[in-house]
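**Q** This is a predicted model, with the sequence first.
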Amino acid sequence: MANPVDLTTVADVKAYDGSIQGNSADTLLERLITAASTFAETYCGRNFHAADFEEVYEGTGTYRLMLHNYPVISVSGVSVNGLAWASTTLGTQPGFQFDKYGLYATGGYAFPRAVRNVIVNYRAGYEVIPFDLAQAVIELVLLKFRRRDKLDIQARMIAQETISYTSGDMNKSTRSVFDQYRMVAPV
């Protein structure tokens, strides 16, 4: 996986929180944003920002080939057994088409079963990070920011009132969003 790029900004974290004033916490927030972005990409098993990829695959013997990165934005080249395949808009013409997850061989073609015989050059990821994903990262940053001085405390009793602290690595709503973007089966 490539080095992650931040999935939100200090300004967005401050705008959502509303209580962080001035710039005294900016360096810490930048560090937490990078850490939370890294965590999100590692947890989800994928890169989110759009990037160009050249990857080698094994032919499956079928007409479908799932690519490692998604959503697929464009495909600039497909080579099978050393021969370039053409992109086509008609399913009856020999070549390939793509959707956000991978390639389709068209016109009676298939990706012949062999070891490392398919080379794909493509662009995948998000040109603009989805709002729900950026929001989940903001919430994770703020969870870590608020817990930074309570790392070993699970509960505290103050004047007959018990205050409990979240002890997990993220809250349920953040996990729910990350799970929607998580690669559950390697391709």
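**A** On my side now, so go ahead. Numbers count the residues shown, from 1 in each chain.
**Q** Going along the chain, name the helices of the chain.
**A** Per DSSP state H, the chain carries helices over the ranges 10-17, 26-44, 131-147, 172-181.
**Q** Return the most buried member of the ones you listed.
**A** For those, average neighbour numbers computed from mean count of other Cβ atoms under 10 Å are highest in helix 131-147, which has a mean of 20. All C-beta spots, glycine's among them, are computed from the backbone N, C-alpha and C.
**Q** isn't E54 right up against R123?
**A** No: taking contacts as Cβ atoms under 8 Å, E54 lies outside contact range of R123: 10.8 Å.
**Q** Show me where the chain dips below the pLDDT cut-off.
**A** Within the chain, the stretches with pLDDT under 70 are 1-4, 150-157, 162-167, 185-187.
**Q** Regarding this structure, what is its longest strand?
**A** Assignment by DSSP state E gives strand 114-124 as the longest strand of the chain.
**Q** Okay, now the sheet partners of that one, with direction.
**A** Note on strand 114-124: by DSSP bridges, its sheet partners are strand 51-59 (antiparallel), strand 72-80 (antiparallel).
**Q** and of these, who's closest to R147?
**A** Smallest distance to R147 across those (Cβ to Cβ): 32.1 Å, for strand 51-59.
**Q** can you list contacts of that closest one?
**A** With contact meaning Cβ atoms under 8 Å, 6 or more residues apart in numbering, strand 51-59 is reached by 2, 65, 67-69, 80, 110-125.
**Q** May I have it exported as CSV, CA atoms only?
**A** Output of strand 51-59 as CSV, limited to C-alpha atoms (Å, rounded to 0.1, in the frame of the first residue of the first chain):
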residue,chain,number,x,y,z
ALA,A,51,-3.4,7.3,-8.0
ASP,A,52,-2.0,5.6,-11.1
PHE,A,53,-1.2,1.9,-10.9
GLU,A,54,0.6,-0.7,-13.0
GLU,A,55,-0.2,-4.2,-11.7
VAL,A,56,0.4,-7.7,-12.9
TYR,A,57,-2.3,-10.3,-12.4
GLU,A,58,-2.8,-14.0,-13.0
GLY,A,59,-5.4,-14.8,-15.7
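**Q** Pull the number of nearby residues for D6.
**A** Neighbours of D6 under the rule other Cβ atoms under 10 Å: 17.
**Q** Just give the number of residues close to E54.
**A** Burial of E54 is recorded as 10 neighbouring residues (other Cβ under 10 Å).
**Q** Any idea what it is bridged to?
**A** Counting by DSSP bridges, E54 is bridged to N121.
**Q** Roughly how far does L90 sit from T106?
**A** For L90, the distance to T106 equals 7 Å [Cβ to Cβ, to the nearest Å].
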